[in-house]
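*Asks:* I'd like to go over a predicted model; first the sequence, then the structure.
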Amino acid sequence: MKTTPLVQANRDVFVVRRWRGCADGSWRGQVVHLISGERVNFTSDEELLAYIQRRLHTQGGNTSGRMGLR
């Protein structure tokens, strides 16, 4: 049986988790970049989007064909 890889070399995949914080009810979260394994915590949508944009910009400049290596 042929299997398909979960992450293809030319794509970025992120897993985002969000939950309510402490007693104040604020949102907290974590994003994982599956190709590199990098995990980043965030407390706002702006922080989440800024991280994803940085990762996409970094990967877009990679011409070696080897994702995640700098």
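*Replies:* Perfect, thanks for sending it.

*Asks:* quick one: low-confidence ranges for this structure?
*Replies:* Low-confidence segments of the chain, defined by pLDDT under 70: 1-10, 59-70.

*Asks:* neighbours of the closest residue to residue 27 other than its chain neighbours, how many?
*Replies:* Closest residue to residue 27 apart from its sequence neighbours, by Cβ to Cβ, 6 or more residues apart in numbering: residue 18 at 5.7 Å. Glycine gets a C-beta too; all of them are placed from N, C-alpha and C. For residue 18, the neighbour count with other Cβ atoms under 10 Å is 12.

*Asks:* now do the closest residue to residue 26 other than its chain neighbours against residue 37, distance only.
*Replies:* Closest residue to residue 26 apart from its sequence neighbours, by Cβ to Cβ, 6+ apart: residue 43 at 6.9 Å. According to Cβ to Cβ, to the nearest Å, residue 43 stands 22 Å off from residue 37.

*Asks:* who has more neighbours, those two?
*Replies:* residue 43 (12 against 8).

*Asks:* that one against residue 24, yeah?
*Replies:* No: the pair residue 43 / residue 24 is not scored as a contact, 11.2 Å apart, by Cβ atoms under 8 Å.

*Asks:* cool, thanks, signing off.
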